[in-house]
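J.: Take this sequence and fold it.
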Amino acid sequence: FPSHDRVVFLFLSIFPVILSSCAIVDGKNDFVKVFLVFLAAFCYFFHIRVIDDRRDFEHDSLYHKDRPVQSGLISLSDLRKLDVFAVSIFFLISLFSNFYSLFLAFLAFGYTYFAMNEFYIKEKIRKNFYFYNAINLMQMILLQFYIYSFFSEGIAINNLIVLHFIFVIVGTLMFEFLRKLKIPNSESTGKDTYSWHIGFGRALIIYGLLSFGNAFTFFLLIANLGGENIWIIFALPYLMVLFSIYYNWVNKSKKSSGVLGVVSLFVYIVFNVVIYLLK
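T.: Here you go, the predicted structure:
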């Protein structure tokens, strides 16, 4: 069950993406649709997190005893009840949208069911850390398709859609990677972070490459939207990300790790809002 800071993080990471998605697909300020798809996406994210807590219960009980379920702040039984409520809202909103988003809602929910059961090949997929995370990341890709379809039944594939999709998926990869990038003295023995598998320094380099890919795609997007002459303005916030990566590499502290997370989220929000305003 997410704490208050995680709820805030989810809101700040989901809502701007929905704004930019609405602008790219629909080009209108339909705030009712924006609110509804935000609520649906939030419920879907919550469902995924509940699945994670259920699937990883034994692992987290061994290696992450400070987490909400393990520390007794909330039980799995309570999570299941909240999850039923969230899934009901997700499908209720989808039911009154259009055929395509309803179909994708069932497809996304079906995928989460198999992900929860680790595709009935737990022993095999758990052995490969990267493959295991990749197949779970598919849930985010399906959600992005769902968001697009919510704003338009028939999506015309063009350069803007493709660039925006790459921008969002790279951004998702970026934050998923950051979530599993720990400073050396914060690593557990659970072997469940990228920094444990490849080392803290290499993990930061890969994160830097992902953030660069996200920024580069953003610059291509705004150029296609007629903002090619203002890209330098938004290159400056990205320099803050590079500085925070270096700051975290040098300090290796909870503070520097937090700075990296906050700065990365801030810049990602700015990028999405700019896309929304330019369209």
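
J.: going forward, measure contacts and count neighbours with C-alpha atoms only.
T.: OK.

J.: Assess the claim that residue 184 and residue 198 are in contact.
T.: No: checked against Cα atoms under 8 Å, the pair residue 184 and residue 198 is beyond contact range at 11.8 Å.

J.: From the centre of the protein, point out the most distant residue.
T.: residue 229 (29.7 Å; Cα atoms, centre = their mean).

J.: Could you find the closest non-adjacent residue to it?
T.: Nearest residue to residue 229, sequence neighbours excluded (Cα to Cα, 6 or more residues apart in numbering): residue 223, at 7.9 Å.

J.: Helices along the stretch 101-250 of the chain, start to end?
T.: Using DSSP state H, counting those that start in this stretch, the helices found in the stretch 101-250 of the chain span residues 122-125, 129-151, 159-179, 194-198, 200-224, 231-251.

J.: And what about residue 65, helix, strand or coil?
T.: Classification of residue 65 using DSSP: H, G, I helix; E, B strand; the rest coil returns coil.

J.: Could you give the number of residues near the residue lying closest to it once chain neighbours are set aside?
T.: Excluding its sequence neighbours, the residue lying closest to residue 65 (Cα to Cα, 6+ apart) is residue 71, at 6.0 Å. Around residue 71 there are 12 other residues, counting by other Cα atoms under 10 Å.

J.: burial of residue 94, as a residue count?
T.: 23.

J.: residues in contact with it?
T.: Shown in contact with residue 94 (Cα atoms under 8 Å, 6 or more residues apart in numbering): 40, 101-102, 105.

J.: Redo the helices of the stretch 101-250 of the chain as a markdown table? Include mean pLDDT.
T.: Below are the helices of the stretch 101-250 of the chain laid out as a markdown table (pLDDT from 0 to 100):
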| stretch | mean pLDDT |
| --- | --- |
| helix 122-125 | 73 |
| helix 129-151 | 89 |
| helix 159-179 | 93 |
| helix 194-198 | 91 |
| helix 200-224 | 93 |
| helix 231-251 | 87 |
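
J.: For residue 87, which of the ones you listed is the nearest?
T.: Closest approach to residue 87 among the helices of the stretch 101-250 of the chain (Cα to Cα): helix 129-151, 13.7 Å.

J.: For the closest one, name the packing helices and strands.
T.: helix 4-25, helix 31-55, helix 99-116, helix 159-179 (3 or more Cα pairs under 8 Å, 6 or more residues apart in numbering; DSSP states H and E).

J.: can you redo the ones you listed as JSON lines with mean neighbour count and distance to residue 258?
T.: Converted to JSON lines, the helices and strands packed on helix 129-151 look like this (neighbours: other Cα atoms under 10 Å; distance: least, Cα to Cα, whole Å):
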{"stretch": "helix 4-25", "mean neighbour count": "18", "distance to residue 258": "12"}
{"stretch": "helix 31-55", "mean neighbour count": "19", "distance to residue 258": "21"}
{"stretch": "helix 99-116", "mean neighbour count": "18", "distance to residue 258": "30"}
{"stretch": "helix 159-179", "mean neighbour count": "18", "distance to residue 258": "10"}
